[in-house]
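Enquirer: sequence first, predicted model second:
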Amino acid sequence: MCESNVYLKQGDHEELVMENVAAITPAENGVYVLRGLLGDMKEIKGTLADINLMAHRIVFTDAS
């Protein structure tokens, strides 16, 4: 499977936002829509900082 976990990094701390993310769609004003494998959705506001597909890991930084 190709799902990844999405994290939000604030300073030195990383918080898991959503597991098993299958798609990320940019919306307006720095917001991204995360869609899970089973159809669940969540929005995150931030800046895309790192994508590591081998590790199934996507990191955003806090937009504030």
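Expert: On my side now, so go ahead.

Enquirer: mind checking the SS state of the residue nearest to Thr47 when sequence neighbours are not counted?
Expert: Take Thr47 and drop its neighbours on the chain: the residue closest to it by C-beta to C-beta, 6 or more residues apart in numbering is Thr61, 4.9 Å away. Bear in mind the C-beta positions are built from the backbone N, C-alpha and C, glycine included. At Thr61 the chain is in strand, as set by DSSP: H, G, I helix; E, B strand; the rest coil.

Enquirer: pLDDT below threshold where in this protein?
Expert: For the chain, the stretches flagged by pLDDT under 70 are 1, 63-64.

Enquirer: Thr61 contacts Gly46, correct?
Expert: Yes - counting by C-beta atoms under 8 Å, Thr61 touches Gly46, with 5.6 Å between them.

Enquirer: joint contacts of the two?
Expert: Residues touching both Thr61 and Gly46 (C-beta atoms under 8 Å, 6 or more residues apart in numbering) are Leu8.

Enquirer: between these two, tell me which one has more neighbours.
Expert: Each of Thr61 and Gly46 has its neighbours counted (other C-beta atoms under 10 Å); Gly46 has more, 19 against 16.

Enquirer: so how far is Gly39 from the closest residue to the more buried one other than its chain neighbours?
Expert: Among residues not flanking Gly46 along the chain, Phe60 sits closest, at 3.6 Å (C-beta to C-beta, 6+ apart). Distance, Phe60 to Gly39, by C-beta to C-beta, to the nearest Å: 21 Å.

Enquirer: look at those two and report which has more neighbours.
Expert: Remark: of Phe60 and Gly39, Phe60 carries more neighbours, 23 against 7, as counted by other C-beta under 10 Å.

Enquirer: quick check: bridge partners of Glu43?
Expert: Counting by DSSP bridges, Glu43 forms beta bridges with Val33.
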